[in-house]
Structure formats: C-alpha cells, structure tokens
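J.: 3D, please:
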Amino acid sequence: MFFMHPVSLGISLGAALAYAVYLRGRKAIRFSLVFMLPMMVMAALINPAFNHEGATLLTYLPSGNPLTLESILYGLAAAAMLAAVVTWFSCYTAVMTSDKFVYLFGRIIPALSLVLSMALRFVPKFQAQFHVVSEAQRCIGRDVSDGGVIRRIRNAVTIFSIMLTWSLENAIETADSMKSRGYGLPGRTAFSIYRFDDRDKMALGWLLYCGFFLCCGAALGGFAWRYYPTAKGAPAAPLTVCLQAVYLALCLTPVFLNIRADRTWSRLDARNEVKPCIK
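T.: Predicted structure coming up:
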C-alpha cells in the first residue's frame with residue numbers, strides 16, 4: 001500500500017497472484033479475470049478522466065480538459081496497488097482460519113479475538129445456510145424465482161427473515177457456549193494443535209530482517225517515486241536493486257514455504273508407501 005514504485009507494485013501484484021493461484025487454483029484465476037481485471041481497468045480510467053495534473057500533455061478530452069501522461073501512469077499504479085491489496089487479503093482469508101486467529105490472540109485479547117474469529121467465519125457459514133434455506137424454500141414452491149413480482153418479493157423477504165433470525169440465534173448460542181466453557185477467564189487453558197518451533201523462529205527472523213531492511217531502505221529513499229508533475233523516482237543504483245530483490249524475496253516467502261512443505265510431505269508420503277519385503 002505504501003510503496004508506489006512501479007517495480008514494487010509489479011512485484012507485489014505478481015507474487016500475490018502466484019500465491020492466490022497456488023492456494024485456490026482455477027478459482028483464483030476466475031476471480032482475477034471476472035472481478036480484478038474490470039476493477040483495475042475502471043481504476044485506471046477514472047484517474048485520468050478526473051485528474052488532469054502532469055507536465056506531459058498528450059491530448060485534450062471532449063470536455064476540454066487535458067489528458068496527461070502522468071495521470072495515466074498514476075491511474076495504472078493505483079489500479080495495480082488496489083488489485084495487489086485485494087489479492088493479498090484473499091490469500092489471507094484462505095490461510096488464516098478462525099482457530100489460527102484464536103490461537104494467536106486468544107490469550108492476549110480473548111474477547112476481541114472471539115468476535116473477529118466469529119466475523120471471519122460468518123460469511124462462509126452464512127453462504128452455506130443461505131443455500132440450505134433457498135433449497136428448502138424451492139422445494140415448497142416459495143423461491144425467489146417462483147410466481148409474479150409481488151410473490152417473489154414476499155419470498156425474498158421470507159428468506160431474509162429466516163437468515164436474520166438464524167444469524168442472531170447462532171451468535172447468541174456461540175456466545176453462551178463460550179461463556180459456559182469459561183472463555184476469557186484467568187488461568188483457563190486451551191487446546192491447540194499449533195506449536196512455535198524452530199521453523200517458526202527461522203521464519204519470524206527472516207520476516208523481521210526483511211521488514212527492518214526494507215524500512216531502512218524506504219527511509220533512505222530507495223522506494224521513492226513520484227508521478228506529479230513528472231514521473232520520477234529513485235535511480236537504478238545498487239541500493240534500489242538490493243531493496244527490490246529483498247522485497248521480491250519477502251513477497252515470495254509464503255510460496256516458497258508452501259512448496260517446501262509440499263515437497264517434504266510428498267517425500268514422507270512416498271516413504272510410507274514403500275512396503276517392506278518379507279521373506
């Protein structure tokens with residue numbers, strides 16, 4: 001979000017797309033083509049249509065306002081930044097499940113972690129329950145596609161009322177269940193399948209190193225880039241090349257970790273499939 005350098009934006013967007021495809025496969029490609037690409041085109045077109053700053057004049061719009069090269073470049077950069085942020089958050093929702101979030105913040109902020117975990121899993125549960133309710137209403141002839149306009153509206157209101165009641169009851173039941181189990185009380189223990197081992201220490205050290213290195217480089221102007229009045233940024237010096245290389249390594253870290261884990265798992269699985277020969 002904060003690095004508007006074109007190379008940084010390209011690295012972030014490319015790594016985010018690679019990780020999304022690795023996690024979700026064809027769904028990520030379809031999401032990128034159906035939603036992300038039109039959003040990027042719209043963001044890239046809106047800026048030069050309303051922003052007329054810049055020193056490089058290309059032509060004049062039918063309204064009489066100038067069209068500048070800098071406004072087009074900034075629109076493309078803003079579109080890439082927006083697409084990268086949305087893609088990274090889609091990867092986050094695919095990786096960070098509610099049990100992981102509660103494990104990380106359950107002892108520090110138990111109430112807030114419970115609320116956030118409920119909010120994270122509310123959308124998929126709501127979609128699944130909405131599908132169940134819609135199928136049930138369709139079986140009795142009360143779906144939103146049955147009857148005239150007035151009847152369809154009534155059926156939609158009925159389904160909405162059912163879903164609203166289910167959501168409130170589910171939230172109350174979850175809160176009562178967690179309260180009955182002593183969630184948030186001092187001294188309460190919690191079961192978890194996660195452990196902070198040496199691999200996590202190495203990964204955390206790597207992330208801290210990259211973050212510190214990039215923050216220092218940004219403070220020294222290694223990621224500096226402006227679009228107005230003319231497009232200009234940090235020159236291609238050894239410092240900027242090193243910063244972009246470290247930034248690339250940081251963005252590709254989750255992909256490398258997952259690939260390494262898959263290879264380890266495949267090797268162990270293949271070793272378990274080898275049956276000993278009994279003579």
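
J.: the host helix or strand of residue 7 packs against which elements?
T.: According to DSSP states H and E, residue 7 maps onto helix 6-24. Contact here means 3 or more Cβ pairs under 8 Å, 6 or more residues apart in numbering; DSSP states H and E; on that basis helix 6-24 packs against helix 26-31, helix 69-95, helix 238-251, helix 253-273. The C-beta positions use only the backbone N, C-alpha and C, and glycine is treated the same way.

J.: so what's the model's average confidence on the shortest one?
T.: The predicted model assigns helix 26-31 a mean pLDDT of 84.

J.: for that helix, which residues meet the burial criterion?
T.: 28, 31 (16 or more other Cβ atoms under 10 Å).

J.: can you list contacts of that helix?
T.: The contact list for helix 26-31 (Cβ atoms under 8 Å, 6 or more residues apart in numbering) reads 17, 20-21, 24, 90.

J.: and those as CSV, adding neighbour count?
T.: As requested, those are arranged in CSV below (neighbours: other Cβ atoms under 10 Å):
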residue, neighbour count
17, 19
20, 22
21, 16
24, 15
90, 21
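
J.: tell me which of these is nearest to residue 202?
T.: Relative to residue 202, the closest of these is residue 20; by Cβ to Cβ it sits at 24.8 Å.

J.: how much space between the closest one and residue 246?
T.: 22 Å (Cβ to Cβ, to the nearest Å).

J.: now swap in residue 61 and tell me
T.: Residue 61 sits 41 Å away from residue 246, going by Cβ to Cβ.

J.: more neighbours, those two?
T.: residue 246 (16 against 11; other Cβ atoms under 10 Å).

J.: residue contacts, the more buried one?
T.: Listed by Cβ under 8 Å, 6+ apart, the contact set of residue 246 reads 210, 213-214, 217.

J.: now the strands for the stretch 101-250 of the chain?
T.: With DSSP state E, counting those that start in this stretch, the ranges of strands along the stretch 101-250 of the chain come out as 225-226, 232-233.

J.: so what strands line up beside the first one?
T.: Here the strand partners of strand 225-226, with direction, are listed using DSSP bridges: strand 232-233 (antiparallel).

J.: what about the strand it pairs with, distance to the chain center?
T.: Remark: strand 232-233 is offset 29 Å from the chain centroid, using Cα atoms, centre = their mean, to the nearest Å.

J.: could you list the domains of this structure?
T.: Per the TED database, the structural domains of the chain span 6-95+195-261, 100-181.

J.: of the ones you listed, which stretch is the most buried?
T.: Most buried of the domains of the chain by mean neighbour count (mean count of other Cβ atoms under 10 Å) is domain 6-95+195-261; its value is a mean of 15.

J.: ends of it, what's the gap?
T.: 32 Å (Cα to Cα, to the nearest Å).

J.: stretch 214-225 now?
T.: 15 Å.

J.: what's the answer for stretch 19-30, then?
T.: Using Cα to Cα, one end of stretch 19-30 lies 14 Å from the other.

J.: before we move on, back to that, which single one of the contacts of residue 246 is nearest to residue 70?
T.: For the contacts of residue 246, the nearest to residue 70 is residue 217 (24.9 Å; Cβ to Cβ).

J.: find the centremost residue of the protein, please.
T.: The centroid of the chain falls nearest to residue 89 when counting by Cα atoms, centre = their mean (1.1 Å).

J.: now do it against residue 83, distance only.
T.: Distance, residue 89 to residue 83, by Cβ to Cβ: 11 Å.

J.: again with residue 263
T.: Note on residue 263: its distance to residue 83, by Cβ to Cβ, is 30 Å.

J.: what residues does the helix holding residue 7 touch?
T.: 3, 28-29, 31-32, 77, 80-81, 83-84, 87-88, 90-91, 94-95, 223, 225, 233, 244, 247-248, 251-252, 254-255, 258-259.

J.: let's go with 7 Å and repeat that
T.: With contacts defined as Cβ atoms under 7 Å, 6 or more residues apart in numbering, helix 6-24 is touched by 28-29, 32, 77, 80-81, 83-84, 87-88, 90-91, 94, 223, 225, 244, 247-248, 251-252, 254-255, 258.
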